[in-house]
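Enquirer: model the following, please.
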Amino acid sequence: MAEPKPRFPINSSIVWAVVIAVVVAGWMGSGLLKNDEAAAVTAQRSGSGGSEGEPASDEPSQPLFRVRAEAFKAQDRASTLEVRGRTEALRKVEVRSETVGTVVGLPVEKGSLVKAGDVLCELSVDTREADLSDAQALVKQRKLEWDAARRLAKQGHTSETQAAAAEAQYQAGLARVKMMEIALERTKIRAPFDGIMDDRHVEIGDYMRAADACALVVDQDPFLVVAQLAEQEVGRVEAGAKASAKLITGETVEGKVRFVARTADETTRTFRVELSVEGSEMTFRDGVTATLKIPTQTVSAHLLPAAILSLDERGRIGVRTVDATDTVRFKPVTLIDDGGEGVWATGLADLETVITVGQDFVVDGQKVDVQRGPAPESQTVSQSDNSDTPDNQTE
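Expert: This next block holds a predicted model:
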């Protein structure tokens, strides 16, 4: 008699699937158990320093970030006030005619150096010379008449009033001669002071009336650098202080503060300051942009490389330092000057250990592995270098 077939036949593929699932579940369960046991051991060690009689591990949970730091000592430095300004001639004068006439001579070329009294423009004399000769001849006649009246008055042949009238006519003749001499002299328009004839407004043949401009004369010695000081800054500057200015043309000049205004500009509420620069050999130009630097007071400051400056989360400029426990501390600074080798800053202790390499990869309160001393020029630090290289591991 044949055996009855099972109602639900067992497929071999189903059996294998069940077996594999059981094995995988068992493997995962063993892994979770080991992780729980490891976590428990770690918690026990961190809380009690290890089991009784078993030494705690000297290995840290993760290596410290390595930075390089250097000690900076404060120095005395004059605090400098910087303000934008411009160059300005001490004097600029439009030399104008005081009479009328046709331009017949221009002895000086535009841009030439002139001395006080040099003729810039010469006008036609017209009848002025003849008028002067006539006045001089009349004076001679009046002088003879006065001399005769005095002699007759002494002899009693004429009255004292007649003698006085003769003297008055003589003095009037002298005055007329003086006027004619001045009128003739005014045909020569002269430079009022030493300087440069920076511009000329007429040519030969032009007719000039009184008050017409002949030329522009600029006094360039001394030259000025002028700026406007804010209300909170003007009290720090005094007349006579030495200062310097850097022109946009690249020149750097030195001089003294010659003037600090006592009255503010009504529109800007700023005060005018003038730096006087001696030396006519300097080829200054009027109106050139300049940066005026005025030392105000001596303070204790640090000369720092500009590259180590950074910003904190509040946007303040500062540096990252390390304290005695090798903990990073951010300290804000105030920049007072830009030196040739770095920047001068205040706000730090007299002797401060400042991070010079790696400062951009650490935060305030973080413990670090500090290497003290100047950084080699070729050394560069990146976040990956500090975290992956064997040299960064704590020994």
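Enquirer: CA atoms for contacts and neighbours, from now on please.
Expert: Noted.
Enquirer: would you map the strands across the stretch 51-200 of the chain?
Expert: 65-73, 75-96, 101-105, 113-114, 119-123, 188-190, 195-200 (DSSP state E, counting those that start in this stretch).
Enquirer: mean neighbour count and distance to residue 307 for these - can I get that in JSON lines?
Expert: Shown next, in JSON lines, are those (neighbours: other Cα atoms under 10 Å; distance: least, Cα to Cα, whole Å):
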{"stretch": "strand 65-73", "mean neighbour count": "19", "distance to residue 307": "13"}
{"stretch": "strand 75-96", "mean neighbour count": "18", "distance to residue 307": "20"}
{"stretch": "strand 101-105", "mean neighbour count": "18", "distance to residue 307": "64"}
{"stretch": "strand 113-114", "mean neighbour count": "19", "distance to residue 307": "48"}
{"stretch": "strand 119-123", "mean neighbour count": "23", "distance to residue 307": "57"}
{"stretch": "strand 188-190", "mean neighbour count": "23", "distance to residue 307": "58"}
{"stretch": "strand 195-200", "mean neighbour count": "20", "distance to residue 307": "46"}
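Enquirer: just put those strands in TSV and tack on mean pLDDT and distance to residue 217.
Expert: Formatted as TSV, the strands of the stretch 51-200 of the chain follow (pLDDT from 0 to 100; distance: least, Cα to Cα, whole Å):
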stretch	mean pLDDT	distance to residue 217
strand 65-73	93	53
strand 75-96	89	5
strand 101-105	96	17
strand 113-114	92	9
strand 119-123	96	10
strand 188-190	96	10
strand 195-200	92	4
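Enquirer: partner residues bridging the nearest residue to residue 360 once chain neighbours are set aside?
Expert: In this structure, residue 360 finds its nearest non-sequential neighbour in residue 310, 7.5 Å apart by Cα to Cα, 6 or more residues apart in numbering. Beta-bridge pairing for residue 310 (DSSP bridges): residue 318.
Enquirer: between the strands of the stretch 51-200 of the chain, which one is closest to residue 182.
Expert: Comparing these against residue 182 with Cα to Cα, the closest turns out to be strand 188-190 (10.3 Å).
Enquirer: which residue is nearest the centroid of the protein?
Expert: Central residue of the chain (Cα atoms, centre = their mean): residue 291, 3.4 Å from the mean position.
Enquirer: quick check: that one touching residue 249?
Expert: No: counting by Cα atoms under 8 Å, residue 291 does not reach residue 249; the two are 11.1 Å apart.
Enquirer: follow-up on the earlier one: surely the residue nearest to residue 360 and residue 318 touch.
Expert: Yes: using Cα under 8 Å as the test, residue 310 is close enough to residue 318 to be in contact (5.6 Å).
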